[in-house]
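Visitor: Sequence and predicted model, in that order:
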Amino acid sequence: MALTLSKKAMAVKASSTLAITAKAKEMKANGIDVVGFGAGEPDFNTPENVCGAAIEAITSGFTKYTPASGTMELKEAVCDKFREFNHLDYKPNQIVISNGGKHSLSNVFDAILNPGDEVIIPSPYWLSYPEMVKLSDGVPVYIVGPKAQGYKVTAKQVEEAITDKTKALILNSPSNPTGMIYSEEELRAIADVVVKNDIMVVADEMYEYLVYGEDKHVSIASFNEEIYKRTITCSGLSKSYAMTGWRIGYTGSSVEIAKLMSSIQSHATSNPNSIAQKAALEALKGPQKDMEIMRVEFNKRRIYMYERVSKMPYISALEPKGAFYLFVDVQDLMDKDYKGEKIANTERLADILLEDYSVAVVPCADFGFPRNFRLSYAISIEQIQKGLDRIEEFLKGL
Ligand SMILES: Cc1ncc(COP(=O)(O)O)c(C=O)c1O
């Protein structure tokens, strides 16, 4: 009995993304030339001015505890960013800086959920949402955004999924894994349903700067006072500023929720790293040119990848509008013969591609779509070219 471990912890699913990445890394270490399409992070270095601010923080002795929910100067910078970029008016006491976007989200669920509370998760979804919700004693409720709807859900679907136990809806736009973006019109309709039914929105806007083409990123909380009150806007520095390792995420919410998150964080981790906070301040306040250079480069890769995949047999994708992923429909490959074996599922397909063609893709069963895999274009164009050549060779051989 004494040795019985937490049922909740034991029920957490290990991340399949990490499993395939680990296997690909091992093959690389053994000298195999693997193309890894699994990357969930930019291949660029953190901008030099940001690194400089961190070095300055170290040499000037900014290496002690800060307030648990982040420094005032960084909260003020986040407020400025929210005002200018998202048209959202938050005061510093509504901001919590955490150890990465994931930490922000898990604080949110800890702060808002009671056991049995339902959280509506549009599928396909980022694979961490269901596990985070369950760890905070919530119950994930899925609604499906089919391909014909651009992998997005409608306000009507949200409304139909609401019960008297519903606490919140998660909205991730631009989306990981699909790269889709909700339009202002779609968001306004969803906001109306949220307000009418008095639930909350957890708006995960982590990829908000990585938007291409005509589409625009719109923050759902910006529409009116009623939706603003019910929304926790989550973002971070990881993806847009190539700062995945620095671990800085943040939220804008009501003062009440910010206080709860801050007190949870004060016991769990204390402040986010002081040096990374200085770096984040420079990222937000300093020149933005490196971020734009990365976005332009991602856009070139996006177009190249989408156009090539669109011409391949058996597989297809919708044009991604944001983030750095292509969500590939491989339904037509299921049950195809490969070396005398029927390809049973996308996990097996990913294994075949890795073992026989040295290409790592992310099968998306854990993202709610077992007939898709995800390709990241956060790798160089040469790597993308080489990897797509291999996938094409596999497909043409079928
Ligand atoms: C949709 C989404 N939200 C949040 C995060 C968390 O980012 P971070 O690395 O800052 O924890 C990720 C990272 O993959 C993500 O894809």
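Guide: Right, received. Where do you want to start?

Visitor: So Asp204 is in contact with Cys234, correct?
Guide: Yes. Asp204 lies in contact with Cys234 (Cβ atoms under 8 Å); the separation is 5.0 Å. C-beta here means a position set from N, CA and C on the backbone, and glycine is covered the same way.

Visitor: More neighbours: those two, which one.
Guide: Counting neighbours by other Cβ atoms under 10 Å for Asp204 and for Cys234 shows that Asp204 has the greater number, 28 against 25.

Visitor: Please report how far the more buried one lies from the ligand.
Guide: Computed with Cβ to the nearest ligand atom, to the nearest Å, the distance linking Asp204 and the ligand is 5 Å.

Visitor: For Ala68, see how far away that residue is.
Guide: Asp204 sits 22 Å away from Ala68, going by Cβ to Cβ, to the nearest Å.

Visitor: related to what we said a few turns ago, common neighbours of Asp204 and Cys234, please.
Guide: Overlap between the neighbourhoods of Asp204 and Cys234 consists of 101, 105, taking contacts as Cβ atoms under 8 Å, 6 or more residues apart in numbering.

Visitor: Just the closest residue of the stretch 201-350 of the chain to the ligand, please.
Guide: Using Cβ to the nearest ligand atom, the point where the stretch 201-350 of the chain gets nearest to the ligand is Ser238, with a distance of 3.5 Å.

Visitor: And that residue, how close does it get to Val328?
Guide: 24 Å.

Visitor: More neighbours: the two, which one.
Guide: Taking Ser238 and Val328 together and counting by other Cβ under 10 Å, Val328 has the greater number of neighbours (25 against 22).

Visitor: hang on, the more buried one packs against Arg374?
Guide: Yes. Checked against Cβ under 8 Å, the pair Val328 and Arg374 is within contact range at 7.2 Å.

Visitor: by contact count, what packs against the longest helix seen in the chain?
Guide: As far as residue count goes, and with DSSP state H defining each element, the longest helix of the chain is helix 289-310. Using 3 or more Cβ pairs under 8 Å, 6 or more residues apart in numbering; DSSP states H and E, the elements in contact with helix 289-310 are strand 316-317, strand 325-329, helix 381-396.

Visitor: Could you identify which of the ones you listed is most buried?
Guide: Between these, strand 325-329 has the highest mean count of neighbours, a mean of 25, where neighbours are mean count of other Cβ atoms under 10 Å.

Visitor: Run me through the strand neighbours of the one helix or strand Cys234 maps to, direction for each.
Guide: When secondary structure is defined by DSSP states H and E, Cys234 falls within strand 231-236. Take DSSP bridges as the rule and strand 231-236 pairs in its sheet with strand 200-204 (parallel), strand 249-252 (antiparallel).

Visitor: So for the residue nearest the centre of the chain, what's the pLDDT?
Guide: The chain has Asn176 as the residue nearest its centroid, 4.9 Å off, counting by Cα atoms, centre = their mean. As summarised for this prediction, Asn176 has a pLDDT of 97.

Visitor: For it, give me its contacts.
Guide: So, once contact is read as Cβ under 8 Å, 6+ apart, Asn176 ends up touching 40, 126, 206-207, 323, 325.

Visitor: Report the secondary structure state of the residue of the stretch 201-350 of the chain closest to the ligand.
Guide: Remark: Ser238 carries the secondary structure label coil [criterion: DSSP: H, G, I helix; E, B strand; the rest coil].

Visitor: can you check Ile121 too?
Guide: On the three-state scheme (three-state DSSP), Ile121 is labelled strand.

Visitor: pLDDT score for it?
Guide: Model confidence at Ile121, expressed as pLDDT, equals 98.

Visitor: these two touch, right, it and Pro140?
Guide: Yes. Because the distance of 5.1 Å satisfies Cβ under 8 Å, Ile121 is recorded as touching Pro140.

Visitor: Now the common contact residues for the two.
Guide: 129-130, 133.

Visitor: Can you tell me which of those is nearest the ligand?
Guide: Out of those, the one with the shortest distance to the ligand is Tyr129. That distance is 8.3 Å, counting by Cβ to the nearest ligand atom.

Visitor: Which residue comes closest to Asn372 once chain neighbours are left out?
Guide: Residue nearest to Asn372 in three dimensions, not counting chain neighbours: Cys364, with 4.3 Å by Cβ to Cβ, 6 or more residues apart in numbering.

Visitor: Run through the residues that contact the one you found.
Guide: In this structure, Cys364 makes contact with 124, 177, 327, 346, 370, 372-374, judged by Cβ under 8 Å, 6+ apart.

Visitor: at 6 Å what do you get?
Guide: For Cys364, the contact set (Cβ atoms under 6 Å, 6 or more residues apart in numbering) comprises 372-374.

Visitor: so how many other residues sit close to Lys8?
Guide: As a burial measure, Lys8 scores 11 neighbours (other Cβ under 10 Å).
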